[in-house]
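Q: give me a 3D structure for the following:
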Amino acid sequence: MRKTRKMTIIKFEEKSDFEYKGNRKAKKFIVYVLSIIVIAIGLYSVLYKYKDMNQSENSLTKEKTGFLLGTVVQIKLLEPQPEDFFNEAFSLIQSIENKMSINIENSEVSKINKNAGKSYVKVSPETYFVIEKGKYYSSLSNGFFDISIGPLVKLWGIGSKDANVPRQSEIDKVLRKIDYNHILLNESDRSVKLAEEGMVIDLGGIAKGYAADVIADYLKSKNINNAIIDLGGNVLALGGKSQNDKWNIGIQNPFQERNKHIGILNVKDKTIVTSGVYERYFIETGKRYHHILDPFTGYPVKNSLMSVTIVADKSIDADGLSTTVFALGTEKGMELIEKLDGIDAILVDKDKNVYVTKSLKESFKITNDEFKEKDI
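A: Residues are numbered from 1 along each chain as shown. Predicted structure coming up:
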């Protein structure tokens, strides 16, 4: 019995020791869990604050990109701005497209075209201004740039899936509908009429420039005086990179894809607009057809030029002149530019010769050895 009692006591003592150790481990486990919870709460608090801070930072941005006026639009600033700021800027461009696009059925320009040969159509001051400017550059170029070229543009369809080389009979028919002199303007009520049925105004060669100018004015109204506005190659360099530094703008290599440059232009408060054969084209039976159409022959402009870059104070002027100079060719185009105050140009031909107006020579530098500056 003594052995039994001794064994019982031993069993009892072993059990108590186990319970003690178990309680100690349990306490440690509880402390460990509580510590994890405290750390988790602290970490959550830190992360939450960081998230709020990050959200606040992300509500400000330096640039925004979108697709409007048939091209990629990008606005870049030196200092970040709220998202609403960019939304308002892009809304201004959307408003211009809604008024002036021939691809929007109820746009003001579409209404003018639908009423061709019938009646005047009253339009907004913005649309009237752009059409008036378009007529001015049509006249300045003696019709080589003509905003009534719409029927020919639709016939070729360059830039769309329906692009094709029209029959000569089709070209001859639409050429009779192209004449900027038959765009009638009534300044008293800002109304526009196309004199003949079948005429079509197309502002695609000038509306992007106007939109860039509108955005520049908007930015300045918000006390933002340093920015880059890019509408598919129509670049407006507002101010400079700083008060003392100018913007460095690459001039597109017309023999390569976008963002390949022939040189760098150093500018401040200038707009740079380039027209070239590399922008929109299609190939049929091994022949390449670009989108800059000659309103006299009905075919893509045929000369030695590959691209024309215009540098000016206003983007609407540079837009209209880039197409004009391209159509006129190297000699006549440069002759026209030299007569215009505050307008400069960089021309590139098929032999990789580069022609630069006198006042740009110090601010433009060729960086691609394949190209050589040449005087006319």
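Q: how's this protein carved up into domains?
A: 1-58, 62-83+217-373, 99-194 (automatic domain parsing).
Q: including distance to Val200, could the ones you listed go into JSON lines?
A: The way it works is simple: take the backbone N, C-alpha and C, and place the C-beta from them, glycine included. JSON lines is the format used below for these (distance: least, CB to CB, whole Å):
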{"stretch": "domain 1-58", "distance to Val200": "45"}
{"stretch": "domain 62-83+217-373", "distance to Val200": "12"}
{"stretch": "domain 99-194", "distance to Val200": "3"}
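Q: residues touching Leu347, list them.
A: Residues near Leu347 by CB atoms under 8 Å, 6 or more residues apart in numbering: 305, 307-309, 325, 330, 333-334, 354-356.
Q: before we move on, back to that, can I get the domains of the chain in TSV with distance to Ser91 and mean pLDDT?
A: What follows is these, written out as TSV (distance: least, CB to CB, whole Å; pLDDT from 0 to 100):
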stretch	distance to Ser91	mean pLDDT
domain 1-58	21	43
domain 62-83+217-373	10	93
domain 99-194	13	96
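Q: which residues in this structure form helices?
A: Using DSSP state H, the helices of the chain run over 2-58, 83-100, 108-114, 125-140, 150-156, 168-175, 207-221, 315-328, 330-339.
Q: enumerate the positions of the last one that are buried.
A: Spelled out, it's helix 330-339. Neighbour counts over helix 330-339 (16 or more other CB atoms under 10 Å) mark 330, 332-334, 336-337 as buried.
Q: counting contacts, what elements does it pack onto?
A: On a contact count with 3 or more CB pairs under 8 Å, 6 or more residues apart in numbering; DSSP states H and E, helix 330-339 meets strand 305-312, helix 315-328, strand 344-349.
Q: among the ones you listed, which comes closest to Asn106?
A: Across the helices and strands packed on helix 330-339, Asn106 has its closest neighbour in helix 315-328 (23.9 Å, CB to CB).
Q: just want the angle from that closest one to strand 305-312.
A: Orientation check (axes from the mean of the first three to the mean of the last three CA atoms, to 10 degrees): helix 315-328 against strand 305-312 gives 150 degrees.
Q: and helix 315-328, C-alpha only, in PDB?
A: Backbone C-alpha positions of helix 315-328 (Å, rounded to 0.1, in the frame of the first residue of the first chain) are rendered in PDB as follows:
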ATOM      1  CA  SER A 315      -0.700  77.200 -83.100                       C
ATOM      2  CA  ILE A 316      -3.600  77.900 -85.400                       C
ATOM      3  CA  ASP A 317      -1.300  79.900 -87.600                       C
ATOM      4  CA  ALA A 318       1.400  77.100 -87.500                       C
ATOM      5  CA  ASP A 319      -1.200  74.500 -88.300                       C
ATOM      6  CA  GLY A 320      -2.600  76.200 -91.400                       C
ATOM      7  CA  LEU A 321       0.900  77.100 -92.700                       C
ATOM      8  CA  SER A 322       2.500  73.700 -92.200                       C
ATOM      9  CA  THR A 323       0.100  72.200 -94.800                       C
ATOM     10  CA  THR A 324       0.400  75.300 -97.000                       C
ATOM     11  CA  VAL A 325       4.200  75.200 -97.200                       C
ATOM     12  CA  PHE A 326       4.200  71.500 -97.800                       C
ATOM     13  CA  ALA A 327       1.900  71.900-100.700                       C
ATOM     14  CA  LEU A 328       3.900  74.800-102.100                       C
END
